[in-house]
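> Predicted model and sequence below, questions to follow.
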Amino acid sequence: MINCIAVDDEPLALELIKNYISKIPYLNLVTTCDNAFDAMEEMQKHSIDLLLIDIQMPELTGLQFISSLEKKPLAIIITAYKEFALESFDLDVVDYLVKPVPLDRFIKACNRAKDRHELLTIKPSSPSIKVMDHIFVHVDYSQVKLKFEDILWLKGYGDYIKFYLKNAPQPLVVRMSFKEVETLLPLDQFIRIHKSYAVAISEITSIRKNSVFIGELEFSVGEAYRGNVAKLLN
C-alpha cells in the first residue's frame, strides 16, 4: 500500500483528487491539506510515500515545498499551468498533470509512482519478491521505461548520464547523477569501473590488464575501481 497526501488550495480540485484516489486500490489517502505548511506538519506525523500537490498556492508554492523537503517522497504535480513542467522534472517528480485531469491520465501517473515505489522498496535477497527488470527515467517531459537487459554501458558527466543501449544509434541522455543511478541498477548486473563509466557485466567480452572490453570498445579501469574488476574475475 502506498500512503499518499493530497495538497491543493482549491476545494473542488481537492475533492476530485480524493475521488480519483478512492478508485485506485493500492493508494491509501492519509490526509488532505489546502496549503503547504499544513502538509509539512502532517508529513512529520505520518509516513508519506507519495505527494500529490498543486503548484500555485498561498505563501509557499508546491515546487518550493518539494525543494524544502530534506527527505522527499515521490511526487506528482497537478496544476493548471503548463510552464512549470521543466522545473518540476528537475525536482525528479514522477509526473506532471495539467488540469482538468482525466481519470485515465491520473491512473497512468499513479502507476508510474507505483513502479518507482516498488523499485525503491524491493529486497532482492528475498525469494518471495520479484526483482524489477527495469527502471523509469526522465527524458524531456516523459517517463521512459528502460530495461536492464538493453543497457550496454553508461557514461556520466556532471548531472547527466548517457545510457548506451542495444540497437539504439544514439545514447539516451538522462538528468541523473552516478550516485543516483547506482542505487537503481542491480549490483549483480552492472559494475562501476571508472568514476565516469559503468558496464553491463553480461556484455563484457574480455578483460586485459587495466581495461575492460565490450567487443572492440575498450574502457580504462580507474585505479579506485580495480578492486571491483578483481572481484569479478574471482
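Cool, the structure landed. Everything numeric here is computed off the predicted structure, so don't read it as measured data.

> burial of residue 25, as a residue count?
Residue 25: 7 surrounding residues under other Cβ atoms under 10 Å. Where you see a C-beta, it was placed from the backbone N, CA and C, and this is true even at glycine.

> A strand includes it, no?
No: the assignment for residue 25 (DSSP: H, G, I helix; E, B strand; the rest coil) gives coil, which keeps it out of a strand.

> Who are the contact partners of it?
By Cβ atoms under 8 Å, 6 or more residues apart in numbering, residue 25 lies in contact with nothing.

> same question, residue 68
So residue 68 contacts 40, 60 (Cβ under 8 Å, 6+ apart).

> Could you name the helices and strands sitting against the helix ranked longest in the chain?
In the chain, taking DSSP state H as the definition, the longest helix is helix 103-121. Under the contact definition 3 or more Cβ pairs under 8 Å, 6 or more residues apart in numbering; DSSP states H and E, helix 103-121 sits against strand 2-7, helix 11-22, strand 50-53, strand 74-79, strand 95-98, strand 134-139.

> could you give me the average pLDDT of that helix?
What helix 103-121 shows for mean pLDDT is 89.

> Stretch 196-212 now?
Per-residue pLDDT over stretch 196-212 has a mean of 92.

> Only C-alpha atoms, please: export it in PDB.
Presented in PDB, the C-alpha positions along stretch 196-212 are these (Å, rounded to 0.1, in the frame of the first residue of the first chain):
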ATOM      1  CA  SER A 196      32.600   8.100 -15.300                       C
ATOM      2  CA  TYR A 197      31.800   4.600 -16.500                       C
ATOM      3  CA  ALA A 198      29.800   1.500 -15.600                       C
ATOM      4  CA  VAL A 199      29.200  -1.500 -17.900                       C
ATOM      5  CA  ALA A 200      26.800  -4.400 -18.100                       C
ATOM      6  CA  ILE A 201      28.600  -7.500 -16.800                       C
ATOM      7  CA  SER A 202      26.900  -9.800 -19.300                       C
ATOM      8  CA  GLU A 203      28.200  -7.700 -22.200                       C
ATOM      9  CA  ILE A 204      31.900  -7.800 -21.100                       C
ATOM     10  CA  THR A 205      33.800  -9.900 -23.700                       C
ATOM     11  CA  SER A 206      37.300  -9.700 -22.200                       C
ATOM     12  CA  ILE A 207      39.500  -8.100 -19.500                       C
ATOM     13  CA  ARG A 208      43.100  -7.200 -20.100                       C
ATOM     14  CA  LYS A 209      45.300  -5.600 -17.500                       C
ATOM     15  CA  ASN A 210      43.500  -2.400 -16.600                       C
ATOM     16  CA  SER A 211      41.000  -2.400 -19.400                       C
ATOM     17  CA  VAL A 212      37.500  -3.900 -19.900                       C
END
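
> Which residues does stretch 163-170 contact?
With contacts defined as Cβ under 8 Å, 6+ apart, stretch 163-170 is touched by 137, 146, 150, 151, 152, 153, 154, 155, 171, 172, 173, 174.

> Over to stretch 101-114?
In contact with stretch 101-114 (Cβ under 8 Å, 6+ apart) are residues 2, 16, 20, 23-24, 26-27, 50, 74, 76, 78, 94-95, 97, 136, 143.

> ok, of those residues, which one's closest to residue 115?
residue 136 (5.9 Å; Cβ to Cβ).
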